[in-house]
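# okay, predicted coordinates and the sequence, questions at the end:
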Number of protein chains: 2
Amino acid sequence: MKAHIRYRPLIRNLRSTTEIAEEGIRQLLELPMIEQEVDKGYEVVHEGDHPTRCCLVLEGFAFRYRILVDGSRQIVAFNVPGDLPDLQSLHLKRMDHALATLSPARLAFIPHGALRDLTRKNYGVADALWRRTLIDAAILREWVTALGRKPAPARIAHILCELMARLSIVQLGNKSQVRLPVTQNELADALGLTYVTINRTLQDFSRAGIVDFRHQVLTIHNWPELQRIAGFDPDYLHLTCPLPKWGPF
Amino acid sequence: MKAHIRYRPLIRNLRSTTEIAEEGIRQLLELPMIEQEVDKGYEVVHEGDHPTRCCLVLEGFAFRYRILVDGSRQIVAFNVPGDLPDLQSLHLKRMDHALATLSPARLAFIPHGALRDLTRKNYGVADALWRRTLIDAAILREWVTALGRKPAPARIAHILCELMARLSIVQLGNKSQVRLPVTQNELADALGLTYVTINRTLQDFSRAGIVDFRHQVLTIHNWPELQRIAGFDPDYLHLTCPLPKWGPF
DNA sequence: CGCGTGGTTGAACTCTGTCAAACGAGGTGG
DNA sequence: CCACCTCGTTTGACAGAGTTCAACCACGCG
């Protein structure tokens, strides 16, 4: 049985957003997967690639990004364990962005053919996966809103809230201190800011006793205030169950 | 037969991005639809609604947006004829944003039940619709990139390129002059800018002989230059056929 | 012909970026 | 075990893109 502890994040991820049946989960886990351990900074797929398999993050963090002609980078998503970062490649042949790891990671690869066959056989699974891609789009709408209409402190607070919420779903962040393998430079490239602004704003947060983010460890001191600054409302994550109850939440 | 001329944009929209079969198109058009003519500014669905049907734009423009606590607005999508703006509501119960018309419009509404039944019966249709929602996500990634890393002139040029491309797909924009029922204020709320900046930048474009956008009529004088300023590459629209050949393209 | 919506203009201001340098913790090899 | 290197962070001075505020204009419509 493949229901190894390493697959729990995926199961929790799917269960938190859909009413997927036990049977569907089982069939998903029985798909032929190739596991691989990779270093930080490993490029899983490049912009322009035509992948023949989907990536599943088992451990570690990944991110998706584009490089502009002037050399600047925009990160369009962070991915935590349990995520299927390039699930869209099942239906969009060409990658319009790249996928790489933010930390040492354990990945699993599922061939498109097998996955597509399963979506034809079991539309509970198909719906669950479609729904996952729609939630990714909802997260992108939230990012557009933050980039378009929120000042730097709100953007930074928002991404911290989002990452905490998503980690707590897969039960990797249900405590007030969490390791986030994200540099200030990467935060900047996700939020449309520079690392200098990230640094100064994080210092403001620290001085105000809201959060500390040092050496890639995030410590939350005042969750309500962080949420208020961010204007964070987890509705856009479309969870079917409430966020776990712990300190912050 | 429902294959009225009014449904051509939908057909062209689907055909331009998927290899959907004749049979699938026919079954889609045979779904029970209720047509409705509405004024400019009609609120189709509100944030927080639980729609039971999907909206199809037959004529006119629509847009999707969110209102922040401070009263500011972020537009997260523009929709042209042939679009299914809230197709995601098939799998995400709660609307995380609102949908309204930018101009007088003719809409059609398809009950979720009938649409879901069709996706179960014909997975060519299911794949085509899933793919459409994935392309919407790709457009959002492009917007995130523009908002995060492009200066005002590039953002404005980009949205103009995108709208021209999308209109030309449904053969409503394959000329160098097009009516875009979008105010400068609405452009600003989509691009994370203020209407003052939009106005000044559009004047710069006009003076430079690139485009004129006056009285909601867009006239393109120098498409290559507009595309260059925008950093516009239509790959992210994932078209299966090249953009129509006309002046600009 | 008056009102409203959308567009235009100018001046002051401010957030965030740019540039440039220094610091510090962790890892590596001599 | 220490020198050294690298990556990420921190700091300061300055600049500038875009905002804010506050008018004013112009066209269309009842």
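Cool, got the structure.
# between the longest helix that chain A contains and helix B:123-149, how many degrees?
In chain A, assigned by DSSP state H, the helix with the most residues is helix A:123-149. Between the axes of helix A:123-149 and helix B:123-149, defined by axes from the mean of the first three to the mean of the last three C-alpha atoms, to 10 degrees, the angle is 20 degrees.
# need phi/psi at the residue nearest to the spatial centre of chain A.
When C-alpha atoms, centre = their mean is applied to chain A, the residue found nearest the centroid is A:Asn79 (2.7 Å). Backbone geometry at A:Asn79, expressed as degrees, to the nearest 10, gives phi -130, psi 130.
# that one pairs with what?
A:Ala62 (DSSP bridges).
# so it is in contact with A:Asp86, correct?
No. With contact taken as C-beta atoms under 8 Å, A:Asn79 and A:Asp86 are classed as non-touching, separated by 9.2 Å. Just so you know, the C-beta spots here come from the backbone N, C-alpha and C atoms, and that holds for glycine as well.
# which residues do these two both contact?
Shared between the contact lists of A:Asn79 and A:Asp86 (criterion: C-beta atoms under 8 Å, 6 or more residues apart in numbering or on different chains) are residues A:64, A:99.
# kindly state the pLDDT recorded for the residue nearest to the centre of chain A?
In the prediction, the pLDDT value recorded for A:Asn79 is 98.
# just A:Asp204 next, same as before
A:Asp204 carries a pLDDT value of 97.
# just to revisit the earlier point, any part of the longest helix of chain A near DNA strand D?
No. In terms of C-beta under 7 Å from any atom of the strand, no part of helix A:123-149 sits within range of DNA strand D; the closest distance is 9.0 Å.
# hang on, A:Tyr236 in a strand?
No. The assignment for A:Tyr236 (DSSP: H, G, I helix; E, B strand; the rest coil) gives helix, which keeps it out of a strand.
# ok, now which ones touch it?
By C-beta under 8 Å, 6+ apart, the contact list for A:Tyr236 reads A:138-139, A:141-142, B:96.
# hang on, the earlier thing: for DNA strand D, see how far away the residue nearest to the centre of chain A is.
18 Å (C-beta to the nearest atom of the strand, to the nearest Å).
# also A:Arg228?
As defined by C-beta to the nearest atom of the strand, A:Arg228 lies at a distance of 19 Å from DNA strand D.
# which residues touch that residue?
Neighbour list for A:Arg228: empty [criterion: C-beta under 8 Å, 6+ apart].
# for it, give its distance to B:Glu23.
Summarising the geometry, the distance separating A:Arg228 from B:Glu23, computed by C-beta to C-beta, to the nearest Å, is 53 Å.
# re earlier: from the contacts of A:Tyr236, which is closest to B:Ala146?
When the contacts of A:Tyr236 are ranked by distance to B:Ala146 (C-beta to C-beta), A:Arg141 comes first, at 14.3 Å.
# let me see the backbone angles for the nearest residue to that closest one once chain neighbours are set aside.
Sequence neighbours aside, B:Val76 is the residue nearest to A:Arg141 in space, at 4.6 Å (criterion: C-beta to C-beta, 6 or more residues apart in numbering or on different chains). Geometry field for B:Val76 lists phi and psi as phi -110, psi -10, criterion degrees, to the nearest 10.
# am I right that B:Val76 is in contact with B:Leu140?
Yes. Applying C-beta under 8 Å, one finds B:Val76 in contact with B:Leu140, separated by 7.1 Å.
# which one of these two has more residues nearby?
B:Val76 (26 against 23; other C-beta atoms under 10 Å in any protein chain shown).
# strands of chain A, start to end?
A:34-38, A:43-45, A:53-59, A:62-67, A:73-79, A:98-101, A:105-111, A:177-179, A:211-214, A:217-220 (DSSP state E).
# could you tell me the least trusted of the ones you listed?
Between these, the lowest average pLDDT goes to strand A:177-179, which shows a mean of 91.
# now, the most widely separated pair of the contacts of A:Tyr236?
Checking the contacts of A:Tyr236 against each other with C-beta to C-beta, the farthest-apart pair comes out as A:Ile139 and B:Asp96, at 9.9 Å.
# can you list the domain ranges for chain A.
Using automatic domain parsing, the domain ranges for chain A come out as A:5-140, A:152-237.
# output these as a markdown table; include the columns distance to DNA strand C.
As requested, these are arranged in a markdown table below (distance: least, C-beta to the nearest atom of the strand, whole Å):
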| stretch | distance to DNA strand C |
| --- | --- |
| domain A:5-140 | 8 |
| domain A:152-237 | 3 |
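# and B:Cys55, which of the ones you listed is closest to it?
Nearest to B:Cys55, of all those, is domain A:5-140, at 15.8 Å by C-beta to C-beta.
# now do that closest one: distance to the chain's middle.
How far domain A:5-140 lies from its chain's middle: 10 Å, per C-alpha atoms, centre = their mean, to the nearest Å.
# how about the residues of chain A by DNA strand D?
For chain A, the residues in contact with DNA strand D (C-beta under 7 Å from any atom of the strand) are A:183-185, A:195-196, A:199-200, A:202-203, A:214, A:216.
# most neighbours of all those residues, which one?
Neighbour count (other C-beta under 10 Å) singles out A:Leu202 as the most crowded of those, with 21 neighbours.
# from A:Leu68, how far off is that one?
A:Leu202 sits 25 Å away from A:Leu68, taking C-beta to C-beta as the criterion.
# against DNA strand D, how distant is A:Tyr236?
Relative to DNA strand D, and taking C-beta to the nearest atom of the strand, A:Tyr236 is found at 23 Å.
# contact partners for A:His238?
A:17, A:131, A:134-135, A:138, B:92-94, B:96.
# so, low pLDDT: which residues of chain A?
A:1-3, A:174, A:244-249 (pLDDT under 70).
# quick one: contacts for A:Ile156?
Residues in contact with A:Ile156, defined by C-beta under 8 Å, 6+ apart, are A:187, A:191, A:193, A:198, A:201-202, A:205.
# try A:Cys241
A:15-16.
# what sits against the nearest residue to A:Pro153 once chain neighbours are set aside?
Leaving aside its sequence neighbours, A:Pro153 sits nearest to A:Thr201 (C-beta to C-beta, 6+ apart; 5.2 Å). The neighbourhood of A:Thr201, defined by C-beta under 8 Å, 6+ apart, consists of A:152-153, A:156.
# A:Met33 touches A:Leu115, doesn't it?
No. Proximity of A:Met33 to A:Leu115 does not meet the contact threshold set by C-beta under 8 Å, at 10.0 Å.
# returning to that earlier point: in helices, which of the residues of chain A next to DNA strand D appear?
A:184-185, A:195-196, A:199-200, A:202-203.
# now distance to B:Met164 too, for these, in a markdown table please.
Compiled in a markdown table, these are given as follows (distance: C-beta to C-beta, whole Å):
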| residue | distance to B:Met164 |
| --- | --- |
| A:Gln184 | 38 |
| A:Asn185 | 35 |
| A:Tyr195 | 36 |
| A:Val196 | 37 |
| A:Asn199 | 40 |
| A:Arg200 | 40 |
| A:Leu202 | 41 |
| A:Gln203 | 45 |
